[in-house]
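S.K.: A predicted structure for the sequence below; I have some questions about it.
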Amino acid sequence: MRSVTVAGDGSPAADPVTPARDRVRLLTWLAGGGIGGSILIMIAALALRNGWNSPRLALPAVGPPWGISSKSASVDAMSIALWIATLLGAGGVIAGLIAVRRGARPSIRALLIAAAVAVVALTVLPVAGSNDALDYAAYGRIVVLGHSPYVMKPEHLLHMHNAFSRAIPGPWRNFVSVYGPLATFEQFLAAKLGGLSAARITFWLKLWNSLAFVLVAFVADRMLRADPAGRLRAHLLWTINPLLLWDVVASGHLDVLAAAAGLLGLLALGRHADGARPGLLRLIAAGALIGAAADIKVNYAIYGLGVAWVLRDSIGRLAVAAAGALVVLVPSYAWFGIPALHALASRRNGASADSMYHFFLLVPGLHAVLAVIAAAIVITVAVLVLRHMPQAIPGRPELWAAMALSVAWLFIWPYQYPWYDAMIICLLLLYPASRLDWLVLARLAAGTLANVPGNPNAALNWLIGGLHHGIVEGVTPVVLLAAAIGLVVLCRNGRWGLPDAGHPPGGAPAVGRLMRSTTSSGRA
């Protein structure tokens, strides 16, 4: 990669090619190699999707998604390849962040072109990495047939004996939708456009996800245009991050739609000085957009809590923002009725297979009260983060508050998947580099590893199956627990900032210094 520079101390050097510059160049090339290699493996996995993933998709004769139907790939070999891709991607992003921190300035244009190619390729290839998009397609098909996905289960579509019924995945066919009405409308629209082709329906779902993904990247790029290091960091964390590309673009998860709407809602409040309050139109727009995010996935109501935290001393303005959200939420939930509300609570006391609570659930009776225990810990950690995480986004306290609450919930709640972390990362882009970056990346990598190959019914051999079991029930829960502990430690010791380039290891800028550097970055 070109245009690599190293921040110096201003003293002349006899040899311009210093060891520090060599290390930065090496990190830059490692970043490019790791990220590029990871994305290429993922593209190959999608292209060969029908050879290793199930249910098999009947690809359309004309138009996307395109794939290689005649080739067969071992699910065991693909699992190994995707584990390698995850580790390469995580290592590449980490190397890139360190290189940027030490002064590397690779071509932003080359990075964006590479990201655009990756997004397009992962969008037009068949969905893989999760069967959730096929569940979305089933819910959309149910609405097309005139039924409610909050009442009718996908299993009923199996009796249709058509091309679509053969693409309904097994694990969730006995569950009604757990997504908001706006997500259901998106799924209905995709089903109308895709007809009886599940592959075509998932393409439309992926296309809208990709547009939302690009929108977040564009917003971050424009807001950080005066801060070259911050701009590169944002694109490494989001735009060219192979883990996110796999979890929300390749796999087609709708979380990115909610993340884009929620981010725009928080930004709609504008930049305001201490003591100032946003105008009424901004409050209504923010409420409506955050309401739309929660109407896609209810978790994003946490963004609304962030706004409420900032406006807690102004009941009138808080009511205006809440009214903006209700304008979106009330009609959509009224349309689908009480079953839509019941569906939201259907997994309130569950834990994902790789949850950090996995070891504690071995205690008899604990599962019945898990939600209560987890909620108490979430509230405690939320208070801790709100009190101790630096408010380092000048003029935008609602972004900081939403991120603090999202971090507390995502790090602690027992039911989590890696694509949920889009909720944090889209806000983290606008927060200065800190040790929180490493905790979020560790969670994302561990969660992505645990969800390979993305097919719960995959018939793995004893060795790969054993490795998969060890990752899901051993490695990932330990990493998630370590990240949660790390968050609490950061709150207690206040060492949020990363060392400056050339600074002795272990030294971190003070909170005040961190905030000054952010203020001078010229963010819009």
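M.R.: Now that the structure is in, tell me what you want to look at.
S.K.: Name the residues of the host helix or strand of residue 46 that are buried.
M.R.: According to DSSP states H and E, residue 46 maps onto helix 19-47. For helix 19-47, burial by neighbour count (16 or more other Cβ atoms under 10 Å) applies to 20-21, 24-25, 27-28, 30-32, 34-39, 41-47. To be clear about C-beta, it is placed using only N, CA and C from the backbone, and glycine gets the same treatment.
S.K.: Just give me how far the helix or strand just after it sits from the chain centre.
M.R.: Following helix 19-47 in sequence order, the next helix or strand is helix 49-52 (DSSP H and E). Averaged C-alpha coordinates place helix 49-52 at 25 Å from its chain's average position (Cα atoms, centre = their mean, to the nearest Å).
S.K.: Could you do stretch 441-460 as well?
M.R.: 14 Å.
S.K.: do the same with stretch 227-234
M.R.: On Cα atoms, centre = their mean, the centre of stretch 227-234 falls 19 Å from that of its chain.
S.K.: What are the buried residues along that stretch?
M.R.: By neighbour count, with 16+ other Cβ under 10 Å as the criterion, the buried positions of stretch 227-234 are 227, 229-234.
S.K.: Not counting its own residues, what contacts it?
M.R.: Taking contacts as Cβ atoms under 8 Å, 6 or more residues apart in numbering, the residues outside stretch 227-234 that touch it are 96-97, 100-101, 104-106, 108, 111, 217, 220-221, 224-225, 429-430, 432-433, 437, 521-523.
S.K.: which among these end up buried?
M.R.: By 16+ other Cβ under 10 Å, those give 96-97, 100-101, 104-106, 111, 217, 220-221, 224, 429-430, 432-433, 437, 521, 523 as buried.
S.K.: What about the residues you listed, which are in helices?
M.R.: The helices, defined by DSSP state H, take in 96-97, 100-101, 111, 217, 220-221, 437 from those.
S.K.: And the furthest pair within these?
M.R.: Maximum pairwise distance in those, criterion Cβ to Cβ, is 20.5 Å, between 101 and 217.
S.K.: quick one on the thing from earlier: helices and strands around the helix holding residue 46, which ones?
M.R.: Counting contacts by 3 or more Cβ pairs under 8 Å, 6 or more residues apart in numbering; DSSP states H and E, helix 19-47 packs against helix 75-101, helix 108-124, helix 242-244.
S.K.: TSV for the ones you listed, including mean pLDDT and distance to residue 141?
M.R.: As requested, those are exported to TSV (pLDDT from 0 to 100; distance: least, Cβ to Cβ, whole Å):
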stretch	mean pLDDT	distance to residue 141
helix 75-101	96	27
helix 108-124	96	21
helix 242-244	97	28
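S.K.: and the spatially most central residue of the chain, helix, strand or coil?
M.R.: Central residue of the chain (Cα atoms, centre = their mean): residue 422, 2.0 Å from the mean position. Assigned by DSSP: H, G, I helix; E, B strand; the rest coil, the conformation of residue 422 is helix.
S.K.: What helix or strand is the residue nearest to it when sequence neighbours are not counted located in?
M.R.: Spatially, and ignoring its direct neighbours in sequence, residue 422 is nearest to residue 259 (4.5 Å; Cβ to Cβ, 6 or more residues apart in numbering). For residue 259, the host element (DSSP H and E) is helix 255-268.
S.K.: what about dumping the CA coordinates of that helix to PDB?
M.R.: Output of helix 255-268 as PDB, limited to C-alpha atoms (Å, rounded to 0.1, in the frame of the first residue of the first chain):
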ATOM      1  CA  ASP A 255     -29.200  -5.300  12.200                       C
ATOM      2  CA  VAL A 256     -27.400  -3.000   9.800                       C
ATOM      3  CA  LEU A 257     -30.700  -1.400   8.700                       C
ATOM      4  CA  ALA A 258     -31.500  -0.500  12.300                       C
ATOM      5  CA  ALA A 259     -27.900   0.700  12.900                       C
ATOM      6  CA  ALA A 260     -28.100   3.100  10.000                       C
ATOM      7  CA  ALA A 261     -31.500   4.500  11.000                       C
ATOM      8  CA  GLY A 262     -30.400   4.800  14.600                       C
ATOM      9  CA  LEU A 263     -27.200   6.500  13.800                       C
ATOM     10  CA  LEU A 264     -29.000   9.000  11.500                       C
ATOM     11  CA  GLY A 265     -31.500   9.600  14.300                       C
ATOM     12  CA  LEU A 266     -28.700  10.500  16.800                       C
ATOM     13  CA  LEU A 267     -27.000  12.700  14.300                       C
ATOM     14  CA  ALA A 268     -30.300  14.500  13.500                       C
END
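S.K.: So which elements touch it?
M.R.: Here helix 255-268 touches helix 198-223, helix 280-296, helix 301-310, helix 397-412, helix 422-428, going by 3+ Cβ pairs under 8 Å, 6+ apart.
S.K.: Apply 6 Å and report the result again.
M.R.: Counting contacts by 3 or more Cβ pairs under 6 Å, 6 or more residues apart in numbering; DSSP states H and E, helix 255-268 packs against helix 198-223, helix 280-296, helix 397-412, helix 422-428.
S.K.: Tell me which of those helices sits most buried.
M.R.: helix 422-428 (a mean of 26; mean count of other Cβ atoms under 10 Å).
S.K.: Which residues does that helix contact?
M.R.: Residues lying outside helix 422-428 but in contact with it, judged by Cβ atoms under 6 Å, 6 or more residues apart in numbering, are 216, 237-238, 248, 255-256, 259, 263, 399, 403, 406-407, 410, 440.
S.K.: what would the ones in helices among the buried ones among the contacts of stretch 227-234 look like in a markdown table with distance to residue 127?
M.R.: Below are those laid out as a markdown table (distance: Cβ to Cβ, whole Å):
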| residue | distance to residue 127 |
| --- | --- |
| 96 | 27 |
| 97 | 29 |
| 100 | 32 |
| 101 | 35 |
| 111 | 26 |
| 217 | 21 |
| 220 | 26 |
| 221 | 27 |
| 437 | 29 |
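S.K.: Find me the pLDDT at residue 350, would you?
M.R.: pLDDT recorded at residue 350 is 77.
S.K.: Secondary structure class of it, three-state.
M.R.: Per three-state DSSP, residue 350 ends up coil.
S.K.: and it, what does it touch?
M.R.: With contact set as Cβ under 6 Å, 6+ apart, residue 350 has these partners: residue 415.
S.K.: ok, it to residue 368 distance?
M.R.: Distance, residue 350 to residue 368, using Cβ to Cβ, to the nearest Å: 12 Å.
S.K.: before we move on, what about residue 198?
M.R.: Distance, residue 198 to residue 368, using Cβ to Cβ: 37 Å.
S.K.: now residue 324
M.R.: For residue 324, the distance to residue 368 (Cβ to Cβ) stands at 38 Å.
S.K.: Tell me which of those two has more neighbours.
M.R.: Legend: neighbour count by other Cβ atoms under 10 Å for residue 324 and residue 368, higher for residue 324 (26 against 9).
S.K.: Now do the phi/psi pair for the more buried one.
M.R.: phi -60, psi -40 (degrees, to the nearest 10).
S.K.: can I assume it is in contact with residue 282?
M.R.: No - the criterion here is Cβ atoms under 6 Å, and residue 324 misses it with residue 282 at 9.7 Å.
S.K.: just to revisit the earlier point, with mean pLDDT and distance to residue 183 added, can I get the helices and strands packed on helix 255-268 in JSON lines?
M.R.: Converted to JSON lines, the helices and strands packed on helix 255-268 look like this (pLDDT from 0 to 100; distance: least, Cβ to Cβ, whole Å):
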{"stretch": "helix 198-223", "mean pLDDT": "97", "distance to residue 183": "10"}
{"stretch": "helix 280-296", "mean pLDDT": "95", "distance to residue 183": "5"}
{"stretch": "helix 397-412", "mean pLDDT": "96", "distance to residue 183": "19"}
{"stretch": "helix 422-428", "mean pLDDT": "97", "distance to residue 183": "14"}
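S.K.: how about CSV for those helices, with distance to residue 494 added?
M.R.: CSV is the format used below for the helices and strands packed on helix 255-268 (distance: least, Cβ to Cβ, whole Å):
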stretch, distance to residue 494
helix 198-223, 26
helix 280-296, 30
helix 397-412, 15
helix 422-428, 19
